[in-house]
Every structure is written in structure tokens, then in C-alpha cells.
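Participant: Quick one: sequence plus predicted model below, questions after.
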Amino acid sequence: MTPCVFIILLIMLMMGTIMTLTSSHWLLAWTGLEINTFAIIPLMTQDKHPRAMEAALKYFLVQSTAAITLLFAATSNAWLSGQWEIQQMTHALPLTMATIALIMKMGLAPLHSWLPEVLQGLNLTTGLILSTWQKLAPLALLIQISYTPSFLWAIVGLLSILIGGWGGLNQTQLRKILAYSSITHLGWIILIIHYLPPLAFMSFLAYTMLTAPIFMAFSYLQTKNMNSLFTSWNKSPLLFSTVFLSLLSLGGLPPFSGFVPKWLILQEMAKQALMPLATMAALFSLLSLYYYLRLSYFMALTMPPGNLPATLSWHFFCPRPFLTLTALIVFSLCLLPILPSFNTFFIY
């Protein structure tokens with residue numbers, strides 16, 4: 001792919017998301033989502049191998065199904081109430097259909113099974129875009145229709161946290177583990193979206209900042225499965241020694257930055273008298289914490305045998321870590337004191 005085509009696709013990707021974020025009409029929002037989908041598919045297929053083509057085809061089918069469902073829900077709402085405005089969708093049937101379509105687009109449980117398979121066929125850079133930027137537009141639409149019945153958000157949020165933790169327990173492929181991690185974190189966001197949408201948006205930004213250095217570091221270290229973590233330490237020892245701390249931050253352990261969004265969400269759920277729901281979410285999150293700890297164990301506490309040929313890879317692999325990766329790792333570890341201030345900024 002030439003640089004000119006790559007830049008054009010990135011501009012289309014940003015334009016589609018911005019169109020959805022700034023629109024109040026369902027047709028314009030749907031158009032932005034479609035531009036977003038068609039812009040990322042060529043990025044998925046830039047690696048010419050069958051798994052990438054299969055991932056792009058699966059992604060296209062799922063997104064097309066969700067887009068058709070969303071357009072049908074908007075048309076049904078216009079037929080029933082005469083309104084095309086996003087915030088005027090008040091009828092129960094179109095509202096539920098639109099919510100299900102957006103849940104499918106984001107890869108939330110129980111419509112999540114496509115996300116790990118698609119992410120497994122992509123390179124880590126495209127996977128980062130799919131896990132963060134591609135979820136921004138559907139999340140903005142979910143925030144605008146967050147008056148959906150709260151029990152639906154509770155079911156989807158708890159299922160996402162449970163399945164995102166349970167599905168990653170027996171995985172050895174890093175991209176699938178990161179996909180289930182995305183499902184888990186979006187489940188936390190969905191739990192609070194009905195009660196405090198600004199906190200949900202702040203949590204999504206925090207998740208983006210926490211998961212970006214993980215994707216970038218694995219891409220830099222050229223690791224795709226857990227076995228390759230044994231022999232990656234010699235490529236960049238300093239980077240390797242800090243990435244496992246970023247994994248613990250993504251898992252939500254204090255005193256790292258990832259602890260603050262979950263703490264604020266649990267605090268808000270306690271204010272809303274949802275203690276059983278908050279307790280279940282906290283318990284289910286222990287499942288995902290296990291595979292974060294397992295990855296950290298593989299990276300920090302294990303060493304390969306000294307006579308492996310793979311341990312000599314430092315002779316051939318010596319690029320320098322780029323500044324963005326360094327800054328994001330620092331942010332993911334040291335944002336704990338100022339994240340509450342960000343929360344106050346978004347809410348007030």
C-alpha cells in the first residue's frame with residue numbers, strides 16, 4: 001500500500017467518525033459508520049495472507065448486518081413517531097433494535113464472538129485501531145440513547161465482563177487475549193453509561209491510553225503468542241521490564257492508572273444503590289486479572305534456556321523505541337493522581 005493511499009484511508013477513517021460524532025440525524029450517523037467501515041477494510045487486507053482476508057470478510061459481514069439493523073431501527077422509529085433525530089428515538093422496539101445493532105458493532109457480549117477471530121487475523125497496528133478508534137462512534141451513539149432500560153445495560157455489561165475474563169483464560173495468542181480484554185473494559189463502560197455518560201466516555205479514553213502501549217510494545221517486540229515472550233527480553237530489556245507494569249495497569253491494580261476508572265465506576269454504582277451489581281462486576285473482573293498476571297509472570301519471572309538460538313536475536317534486531325510508545329507507557333503508569341481531575345472536567 002502506497003503512503004498516499006494509506007493517508008487517504010486514515011483521513012476517511014477520521015471523517016467517518018467525526019461525521020457520526022457531530023450528527024443528530026440517524027441517516028448522517030449511519031453514513032459516518034459506513035464510511036468508517038469501508039475505510040478500515042483496505043487497512044485490514046494490506047497484509048497479503050489468508051488470515052487477514054478472512055478477518056476482513058468476517059468484519060465486513062458483521063458490520064453490514066449491524067448497519068442494516070441500525071438503519072431498519074431508525075426507519076421504524078421514523079414510521080412510528082415521525083422523528084429521525086437520534087435523541088428522539090423513544091419507542092421501545094426501535095430503541096432495542098438500535099441498541100443491539102450498536103452492541104454488535106462494538107463487539108460486546110453476547111454478540112462478541114467475531115471480535116477475537118477478526119483481531120487474530122490482523123497485525124497489531126490495525127488491531128489497535130479496531131480496538132479503540134472504531135468503537136468511538138458506536139459508543140457516542142450509545143451515549144445519546146442511554147435512556148434504554150437499565151436492565152439491558154446491566155445484562156450486557158455483566159456478560160461482557162464475565163465472558164471477556166472467561167474467554168481469555170485458556171488463550172495463548174496475544175491478539176485474542178487483547179480482544180477479550182477489550183470486551184471486558186467495554187463491559188465496565190456499558191455498566192455506567194445509563195447513569196453517568198461522561199464517566200463512561202472518560203473510562204473509554206483511559207482504556208485507549210492504557211491499551212495503546214501494550215499493542216505498540218508487542219508490535220515492536222514482534223511477539224504474537226505467549227511462548228515468544230520468553231525470548232523477547234533481549235530485544236529491548238528496558239521496554240520489556242516496563243510493559244508488564246502496563247499490563248498490571250490495564251488489569252486495574254493500584255497504584256497504577258487503570259485502577260481509577262474502575263474505582264470511579266464502582267463508586268458511582270454504589271451511589272445509585274446498585275451494590276449487588278457492583279459486587280458481581282468486581283468479582284467477574286478477577287477472571288481477566290488472572291491472564292494479565294499470567295502475561296506479567298511470563299514477561300518478568302521466566303527466562304529461556306541460554307542455549308536457544310532465539311536468544312541471539314538481538315544481533316539482528318536493534319530498532320529504537322519511538323517516542324509515542326515511551327510517552328504512553330509513562331502515562332499508563334503515572335496518571336493516577338490526575339485522573340480524578342479529568343473525571344471532574346468531563347462531568348462538570
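Facilitator: That came in fine, so what should we check first?

Participant: which ones are touching Leu210?
Facilitator: 246, 249-250, 257-258, 332 (C-beta atoms under 8 Å, 6 or more residues apart in numbering). Where you see a C-beta, it was placed from the backbone N, CA and C, and this is true even at glycine.

Participant: Kindly indicate which of those residues lies nearest Ile8.
Facilitator: Checking these against Ile8 with C-beta to C-beta, the nearest one is Ser332 at 31.1 Å.

Participant: Next one: Leu283 from Leu253, what distance?
Facilitator: 16 Å (C-beta to C-beta, to the nearest Å).

Participant: ok, the two, which is more surrounded?
Facilitator: Each of Leu283 and Leu253 has its neighbours counted (other C-beta atoms under 10 Å); Leu253 has more, 17 against 12.

Participant: Might you list the low-confidence residue ranges for the chain?
Facilitator: Confidence mapping of the chain against pLDDT under 70 gives the ranges 146, 148, 233-234, 302-323, 335-348.

Participant: again, 80 this time
Facilitator: 1, 90, 146-150, 227-242, 255, 298-348 (pLDDT under 80).

Participant: hmm, back to that, between the contacts of Leu210, identify the one with the most neighbours.
Facilitator: Ser249 (30 neighbours).

Participant: which secondary structure element contains it?
Facilitator: Ser249 is part of helix 237-251 when elements are defined by DSSP states H and E.

Participant: got the contact list for that helix?
Facilitator: The contact list for helix 237-251 (C-beta under 8 Å, 6+ apart) reads 181, 210-211, 213-214, 217-218, 220-221, 232-233, 256-259, 288-289, 292-293, 295-296, 299-300, 321, 325, 329, 332-333.

Participant: how far out from the middle of the chain is it?
Facilitator: Remark: helix 237-251 is offset 18 Å from the chain centroid, using C-alpha atoms, centre = their mean, to the nearest Å.

Participant: buried residues in it?
Facilitator: 239-240, 242-251 (16 or more other C-beta atoms under 10 Å).

Participant: Switch the residues you listed over to JSON lines; also include distance to Gly157.
Facilitator: JSON lines is the format used below for the buried residues of helix 237-251 (distance: C-beta to C-beta, whole Å):
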{"residue": "Leu239", "distance to Gly157": "34"}
{"residue": "Phe240", "distance to Gly157": "34"}
{"residue": "Thr242", "distance to Gly157": "31"}
{"residue": "Val243", "distance to Gly157": "28"}
{"residue": "Phe244", "distance to Gly157": "28"}
{"residue": "Leu245", "distance to Gly157": "27"}
{"residue": "Ser246", "distance to Gly157": "24"}
{"residue": "Leu247", "distance to Gly157": "23"}
{"residue": "Leu248", "distance to Gly157": "23"}
{"residue": "Ser249", "distance to Gly157": "21"}
{"residue": "Leu250", "distance to Gly157": "18"}
{"residue": "Gly251", "distance to Gly157": "18"}
